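1. No letters, just coordinates:
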């Protein structure tokens with residue numbers, strides 16, 4: 001009599017386990033067993049996630065913004081160069097439009113690069129639609145300001161006894177004036193990103209990068225004996241340095257961010273500027289999660305409350321391997337899993 005009872009009990013447990021196992025599979029966490037799928041307080045989720053994807057180097061902001069700045073600056077130079085006249089007494093259309101065009105197309109390049117990285121054609125159209133008119137307006141405004149600063153600068157260095165542009169003091173004066181153009185690109189970058197903090201970081205990084213480009217412009221001109229080649233190289237480096245500096249400054253000064261550790265965007269970081277950051281399968285989401293049919297149009301949101309970030313789940317979201325039902329506070333180092341995507345939340349240490 002005991003054997004049949006034991007056998008019945010064993011079958012009953014197997015049936016329970018067979019019900020649990022498919023549920024664990026639906027979690028979409030890359031594991032081998034039901035116990036591992038749900039995680040454990042004794043084993044970290046990090047080793048499970050790290051092996052899933054390799055980070056893409058080109059998803060670093062300083063890389064794609066630098067390349068975008070380079071491409072935009074060269075495009076602006078290429079359009080205006082045929083109408084540019086070297087004689088200082090002549091103001092041809094190329095002389096008038098070159099720097100505003102460079103600023104405009106750099107801004108468009110930054111907007112397009114962000115959208116390409118995020119795989120969103122909709123965002124690309126909206127961002128470029130904002131960046132181009134803003135870039136034209138600010139390009140001319142900042143060109144006027146930069147010319148004033150440049151003439152003030154060369155007046156100061158001339159008063160100090162500098163008589164030629166072979167003197168490094170003259171290069172510094174140009175660099176300070178060109179910082180204005182980089183700041184313009186950063187301002188547009190932040191406005192397109194709908195964040196005052198991003199605008200500040202962009203302006204700071206853009207000014208630093210453009211100033212470096214301005215300082216080396218004259219030495220490049222000496223090496224290439226002036227003319228179109230020197231402008232192409234000089235303005236190309238202006239765009240490259242502006243984009244790289246914007247990405248580096250923004251990354252260095254960020255407070256809270258998500259780093260993608262697995263999924264198609266592995267290696268990308270999303271800096272959390274907004275009070276509410278949405279995650280979902282529609283392109284209008286702040287964090288657009290594509291190539292996963294299990295992700296809802298608005299799957300989750302990251303909400304700032306009293307200076308802390310809470311994740312609010314509307315679809316299946318896992319925090320440290322455990323599914324959350326509504327809202328949970330994120331701590332620095334927390335691992336979030338949404339469909340095939342994994343994120344590591346980070347924040348700067350509070351003093």
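-> Perfect, thanks for sending it. From a predicted model like this one, the values you see are computed outputs, not experimental measurements.
2. use CA for all of it now, contacts and neighbours both
-> Will do.
3. hey, where'd the strands end up in the stretch 201-350 of the chain?
-> Taking DSSP state E, counting those that start in this stretch as the criterion, the stretch 201-350 of the chain carries its strands at 256-262, 269-271, 276-280, 287-288, 300-305, 308-313, 318-319, 322-323, 327-329, 335-338, 341-347.
4. Quick check: which of the ones you listed is buried the most?
-> For the strands of the stretch 201-350 of the chain, the largest average neighbour count (mean count of other CA atoms under 10 Å) is found in strand 335-338, namely a mean of 25.
5. which strands and helices sit next to that one?
-> The elements that strand 335-338 packs onto, with contact taken as 3 or more CA pairs under 8 Å, 6 or more residues apart in numbering; DSSP states H and E, are strand 318-319, strand 341-347.
6. what lines up beside the first one in the sheet?
-> This points to strand 318-319. When pairs are called by DSSP bridges, strand 318-319 turns out to pair with strand 322-323 (antiparallel), strand 335-338 (antiparallel).
7. any idea of the mean pLDDT for the host helix or strand of residue 129?
-> Assigning secondary structure by DSSP states H and E places residue 129 in helix 121-159. On average, the pLDDT along helix 121-159 is 94.
8. Which SSE is immediately downstream of that helix?
-> Secondary structure here is assigned by DSSP H and E; on that basis, the next helix or strand after helix 121-159 toward the C-terminus is helix 168-192.
9. List the residues that contact the residue nearest the centre of the chain.
-> Closest to where the C-alpha atoms of the chain average out (CA atoms, centre = their mean) is residue 61, at 4.3 Å. Residues touching residue 61, when contacts are defined by CA atoms under 8 Å, 6 or more residues apart in numbering, comprise 244, 247-248, 268.
10. now, which of those sits nearest residue 188?
-> residue 247 (14.1 Å; CA to CA).
11. Count residues in the vicinity of that closest one, would you?
-> Burial measure for residue 247: 22 neighbouring residues, criterion other CA atoms under 10 Å.
12. And for it, nearest residue in space, chain neighbours not counted?
-> By the measure of CA to CA, 6 or more residues apart in numbering, the closest residue to residue 247 outside its immediate chain neighbours is residue 62, 3.9 Å from it.
13. Next, the buried residues of the helix or strand hosting that neighbour.
-> In the assignment (DSSP H and E), residue 62 maps to helix 61-80. Of the residues in helix 61-80, 61-78, 80 count as buried by neighbour count, 16 or more other CA atoms under 10 Å.
14. Pull the distance from it to the chain's centre.
-> 15 Å (CA atoms, centre = their mean, to the nearest Å).
15. what angle do that helix and helix 168-192 make?
-> Per axes from the mean of the first three to the mean of the last three CA atoms, to 10 degrees, the angle that helix 61-80 makes with helix 168-192 is 110 degrees.
16. ok, the residue nearest to residue 249 when sequence neighbours are not counted - contacts?
-> Distances taken as CA to CA, 6+ apart put residue 205 closest to residue 249, at 5.4 Å, once the chain neighbours are dropped. Contacts were defined as CA under 8 Å, 6+ apart; by that measure residue 205 touches 182-183, 186, 242-243, 245-250.
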